[in-house]
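1. for reference, the sequence and a predicted model appear below.
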Amino acid sequence: MDNKRLQLIFFIIFSFVNVGLYLLAVDQEKRGKILSPTYWNTPDGQRYWGAAINLAERGEFTVRTAGPTIRYRHIEKERPNPDLPLSEAARLPRKSRTVSEEPLARAGPLPALLFSIPIKIVGFDRAPAFIVSFQCTLLFALSLLVRSLAVPFRCNGNILQGLLIFNPNLIGLAHHAQSELIFVFLFTVILWFCSRLLTASKPATHMEIILFGLCIGLLPLARPLGLYLIVAIPILLLISLWIQSGSFRVRYLNFQKLIFISLIAGLVMLPWSVRNYAVFGEFTLTQSEGIMMQWHYTSMKLYLGEGDSRNNLADVISPEDSEKLNECNSVRGPKCSQLAAVEYFKAIVDRSPGDLIYALSSSWAKLFFSGGATQIANYIGVDRPDAHNFLYGKTNWYHSSLKLMKEFLRNYQLFSVIFLFCMAFAAIARTLGVIGLAAVQGRHLWSITVFYLFLITIFLLMYLFSGIGRFRAPLEPILMLYAAIGTSFLFHGRAPRRRTS
């Protein structure tokens with residue numbers, strides 16, 4: 001079939017699926033206002049659409065908080081109704097509004113900046129249609145871009161594209177105002193460029209170099225964990241090049257181009273770092289290290305059946321650091337976040353190997369095999385069970401899964417259909433991916449594969465005990481690539497090899 005005709009078919013089906021899903025979306029009343037599920041069903045939404053409201057209405061990167069009210073210079077009176085949504089409060093006269101909020105610290109500014117544009121232009125209530133359309137466009141665009149990743153492996157790019165644009169996990173994320181789709185798009189552009197460096201037969205153009213630098217700089221501004229990736233990617237590229245040719249020399253990318261890429265990326269990240277220095281007193285891109293490590297520690301204890309309460313820093317800090325704890329409690333800031341991250345990490349690594357293996361395997365099983373059914377079900381108003389505690393407490397995996405499925409089929413039949421479809425998609429894709437990985441032959445292709453496997457390992461180390469399906473989103477282009485390789489191998493019986501001519 002002609003590629004243009006196939007792309008038209010893909011686009012029509014993709015549009016039909018997403019328009020249908022959007023029309024089925026169920027609004028909910030939150031704090032006296034009807035909200036689209038693009039907002040209310042978004043995990044950590046205040047960091048994204050909440051910050052976007054403040055940015056559109058007041059030009060401030062701030063988020064709503066349950067803590068004490070932070071007064072700004074332009075605020076003179078208490079807001080009459082403290083439960084009034086931010087979008088309504090922002091329309092009140094400046095002298096009569098105040099909100100409980102704090103500077104944006106645990107997220108990058110890019111999602112809020114992009115979401116603030118439709119909120120500013122068409123208003124808060126109408127913006128979801130534009131946000132969903134924008135993110136669906138990103139998803140379709142990255143599916144076109146990722147086709148190039150299939151070329152070195154000589155597998156069918158159409159299969160790879162289809163696995164991405166009809167991936168339930170990615171489709172569900174496209175309908176919510178959060179950071180994942182933006183991050184995945186930028187990460188896919190970086191993957192495309194890295195694949196080009198490892199396989200290309202001609203130098204990168206100036207436009208490609210500029211695009212690469214921009215995406216590297218924007219990645220940590222979409223999600224802060226992108227900072228660790230852009231530090232690791234050059235090292236992984238050198239390892240892959242050594243496997244490929246026994247040399248650390250990057251073809252068609254000289255030292256001047258590397259400096260130029262680094263300069264572009266640094267200039268992109270600089271304004272946010274300067275803002276954080278002015279607000280928090282430290283030249284950094286994120287302030288969430290301590291909170292995230294606490295989350296990992298708490299999740300680990302849940303998997304081990306040791307309670308579900310949030311753990312106080314005083315419970316894990318060593319006695320010799322008690323003075324640091326007192327200083328941290330009295331003066332909040334980056335140093336406190338770093339202290340918390342170190343102490344929680346120490347508490348994690350002090351656990352027995354058996355405990356760590358069980359907790360990590362349970363978390364990563366959820367990460368790789370959850371299909372995104374819960375978010376889609378919430379979005380269209382399908383009643384679902386509360387299954388967030390699945391595999392908590394060192395339970396038997398088989399019996400826990402069987403018990404959960406019996407509950408689904410007995411009390412939540414419609415959700416069961418969605419769940420089984422999403423779960424089947426993930427399970428089949430993982431199986432095909434293993435087949436594809438085993439089918440790869442040749443030093444050249446294995447050098448690329450090692451690069452991708454190291455990237456997956458870095459994500460797993462960053463996620464630790466946070467086995468949430470939406471966190472798998474950045475891995476989907478790589479996972480679907482090997483699923484496509486596995487599919488091509490099963491249908492054609494030919495192992496992917498490098499072209500010899």
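-> Perfect, thanks for sending it. Numbering: from 1, shown residues only.

2. quick one: A278 is in a helix?
-> Yes - if the criterion is DSSP: H, G, I helix; E, B strand; the rest coil, then A278 is within a helix.

3. that one: how many residues sit nearby?
-> Neighbours of A278 under the rule other C-beta atoms under 10 Å: 10. Bear in mind the C-beta positions are built from the backbone N, C-alpha and C, glycine included.

4. same thing with P353?
-> 7.

5. now T205
-> Around T205 there are 9 residues (other C-beta under 10 Å).

6. same check, this time on L138
-> 19.

7. just the pLDDT at the closest residue in space to it that isn't next to it in sequence, thanks.
-> Distances taken as C-beta to C-beta, 6 or more residues apart in numbering place F185 nearest to L138, at 4.5 Å, with adjacent residues excluded. Looking at F185, its pLDDT reads 96.

8. so where do the helices sit in the stretch 51-200 of the chain?
-> With DSSP state H, counting those that start in this stretch, the ranges of helices along the stretch 51-200 of the chain come out as 86-89, 110-122, 127-145, 147-150, 157-165, 168-174, 180-199.

9. correction: the stretch 251-400 of the chain
-> Using DSSP H, counting those that start in this stretch, helices in the stretch 251-400 of the chain cover 255-280, 289-303, 322-330, 334-349, 353-369, 373-379, 397-411.

10. among the ones you listed, which is nearest Y228?
-> Among the helices of the stretch 251-400 of the chain, helix 289-303 comes nearest to Y228, with 10.7 Å by C-beta to C-beta.

11. export only the CA atoms of that closest one, formatted as PDB.
-> What follows is helix 289-303, C-alpha atoms only, in PDB (Å, rounded to 0.1, in the frame of the first residue of the first chain):
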ATOM      1  CA  GLU A 289      14.800  15.200  45.200                       C
ATOM      2  CA  GLY A 290      14.000  14.800  48.900                       C
ATOM      3  CA  ILE A 291      10.300  14.400  48.200                       C
ATOM      4  CA  MET A 292      10.800  11.800  45.500                       C
ATOM      5  CA  MET A 293      13.200   9.700  47.600                       C
ATOM      6  CA  GLN A 294      10.700   9.800  50.400                       C
ATOM      7  CA  TRP A 295       8.100   8.600  48.000                       C
ATOM      8  CA  HIS A 296      10.400   5.700  46.900                       C
ATOM      9  CA  TYR A 297      11.000   4.800  50.500                       C
ATOM     10  CA  THR A 298       7.300   4.800  51.400                       C
ATOM     11  CA  SER A 299       6.400   2.800  48.300                       C
ATOM     12  CA  MET A 300       9.100   0.200  49.200                       C
ATOM     13  CA  LYS A 301       7.600  -0.200  52.700                       C
ATOM     14  CA  LEU A 302       4.100  -0.600  51.100                       C
ATOM     15  CA  TYR A 303       5.300  -3.500  48.900                       C
END
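
12. which strands and helices sit next to it?
-> Secondary-structure packing of helix 289-303 (3 or more C-beta pairs under 8 Å, 6 or more residues apart in numbering; DSSP states H and E): helix 334-349, helix 353-369.

13. try 10 Å this time
-> helix 334-349, helix 353-369, helix 443-463 (3 or more C-beta pairs under 10 Å, 6 or more residues apart in numbering; DSSP states H and E).

14. circling back to that earlier point, pick the most deeply packed of the helices of the stretch 251-400 of the chain.
-> Sort the helices of the stretch 251-400 of the chain by mean neighbour count, taking mean count of other C-beta atoms under 10 Å, and helix 373-379 sits at the top with a mean of 23.

15. helix or strand right after the host helix or strand of I216?
-> Per DSSP states H and E, I216 falls inside helix 206-222. Using DSSP H and E, the helix or strand that directly follows helix 206-222 along the chain is helix 226-245.

16. quick one, that next one and helix 110-122 angle?
-> 120 degrees (axes from the mean of the first three to the mean of the last three C-alpha atoms, to 10 degrees).

17. can you confirm I34 is in a helix?
-> No - using three-state DSSP, the secondary structure at I34 is strand, not a helix.

18. grab the nearest non-local neighbour of S148.
-> S148 sits nearest to W192 (C-beta to C-beta, 6+ apart), 5.7 Å away.

19. ok, the one you found - contacts?
-> L142, L145, V146, R147, S148, L149, E208, L211, F212, C215, P477 (C-beta atoms under 10 Å, 6 or more residues apart in numbering).

20. between the helices and strands packed on helix 289-303, which one is closest to R64.
-> helix 334-349 (20.4 Å).

21. so which elements touch the closest one?
-> So helix 334-349, by 3+ C-beta pairs under 10 Å, 6+ apart, packs with helix 255-280, helix 289-303, helix 322-330, helix 353-369.

22. looking at these, which is closest to Y344?
-> helix 289-303 (4.0 Å).

23. how far off centre is that closest one?
-> 18 Å (C-alpha atoms, centre = their mean, to the nearest Å).

24. so it versus helix 334-349, what angle?
-> 20 degrees.

25. quick one: mean pLDDT over helix 289-303.
-> pLDDT averaged over helix 289-303 gives 80.

26. could you identify which of the helices of the stretch 51-200 of the chain is most buried?
-> Ranked by mean neighbours (mean count of other C-beta under 10 Å), these are led by helix 168-174, with a mean of 25.
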